[in-house]
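Novice: one predicted model, sequence on top.
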Amino acid sequence: MLLASSQAVEFWTRDQLGAALDCNPEWMTTDGADRLIQQLHELATDDDDGVRDEAQGILSSLRPREEWARDSDDGPL
């Protein structure tokens, strides 16, 4: 998925590929999110520039768990 995303020319194609990752309910659990982050860290060292760059980009956009915990302690937004 990261390789396809890195080579997508059309915006809508990148959007659809991103939705496949973002909307996966497995990533909504703590264990699933931890697995995703572990996989992204592994892919961030991939030999393919596109895969590596996409994984690093996703990792850089993730908020640390400490921020999520702090936000939930503040109550509803």
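Specialist: Arrived safely, thanks for sending. The shown structure was predicted, so the numbers you read here are calculated from the model rather than taken from an experiment.

Novice: how about the helices of the protein, start to end?
Specialist: Per DSSP state H, the chain has helices spanning 2-7, 11-22, 30-43, 49-61, 65-73. These are given in chain order.

Novice: adding mean pLDDT, write these out as CSV.
Specialist: CSV is the format used below for those (pLDDT from 0 to 100):
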stretch, mean pLDDT
helix 2-7, 77
helix 11-22, 76
helix 30-43, 87
helix 49-61, 89
helix 65-73, 64
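
Novice: please identify the deepest-packed of those helices.
Specialist: helix 2-7 (a mean of 18; mean count of other CB atoms under 10 Å). The way it works is simple: take the backbone N, C-alpha and C, and place the C-beta from them, glycine included.

Novice: show me the contacts for the residue nearest in space to the middle of the chain.
Specialist: By CA atoms, centre = their mean, the mean C-alpha position of the chain lies nearest to residue 58, the distance being 4.3 Å. When contacts are counted by CB atoms under 8 Å, 6 or more residues apart in numbering, residue 58 touches 2, 21, 40.

Novice: out of those residues, the closest to residue 50 would be?
Specialist: Ranked by distance to residue 50 (CB to CB), the contacts of residue 58 are led by residue 2 at 7.1 Å.

Novice: isn't that closest one right up against residue 57?
Specialist: No. In this structure, residue 2 is not within contact of residue 57 by CB atoms under 8 Å, at 9.2 Å.
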